[in-house]
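A.B. asks: Structure of the sequence below:
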Amino acid sequence: MEAQAAFSSMLDYAQGFKAMFAKEDFNVLLEYHHWNYTIELISRLEPRSSKVYPLSSIEQKEVDIFFKENLYTGQIQSFKFSMTALVFFIKKKNGSLHLVWNY
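C.D. replies: Take a look at the predicted model:
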């Protein structure tokens, strides 16, 4: 019974954060702040090519939709670089795909 009460209390506490994970709230951009970070590059080093992981047609369509929507809303910007970032999907319980990338 004590474990059930603790779990119930934890669920009640977590309900206060539900709005933080709503899709509608994701579409609202945070206030812009200028940060002055510098990445020091070593001129004699050449970028290494990385292994390419092919996406299925469904996954490629999801990537295209993601980039189209987020470029349009300004949440991401187009950037050309010789190195790529790993992109993959995790299937959600409802069957939809969750895009994950390592940048």
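A.B. asks: Show residues contacting the longest helix belonging to the chain.
C.D. replies: What stands out as the longest helix in the chain, according to DSSP state H, is helix 57-73. Residues external to helix 57-73 that are found in contact with it (CB atoms under 8 Å, 6 or more residues apart in numbering): Asn27, Leu55, Ile76, Gln77, Ser78, Val87, Phe89, Leu97, Leu99. The way it works is simple: take the backbone N, C-alpha and C, and place the C-beta from them, glycine included.
A.B. asks: Just the ones of the residues you listed in strands?
C.D. replies: Judged by DSSP state E, strands contain the following of those: Val87, Phe89, Leu97, Leu99.
A.B. asks: Check the residues you listed and tell me the two furthest apart.
C.D. replies: Val87 and Leu97 (11.2 Å; CB to CB).
A.B. asks: just curious, which of the ones in strands among the contacts of helix 57-73 is nearest to Ser43?
C.D. replies: Val87 (28.8 Å).
A.B. asks: any idea of the pLDDT on that closest one?
C.D. replies: Val87 carries a pLDDT score of 75 in this model.
A.B. asks: give me the low-pLDDT residue ranges for the chain?
C.D. replies: Applying pLDDT under 70 to the chain picks out residues 1, 25, 45, 47-52, 80-86, 102-103.
A.B. asks: Which residue ranges of this protein form helices?
C.D. replies: 2-15, 23-26, 57-73.
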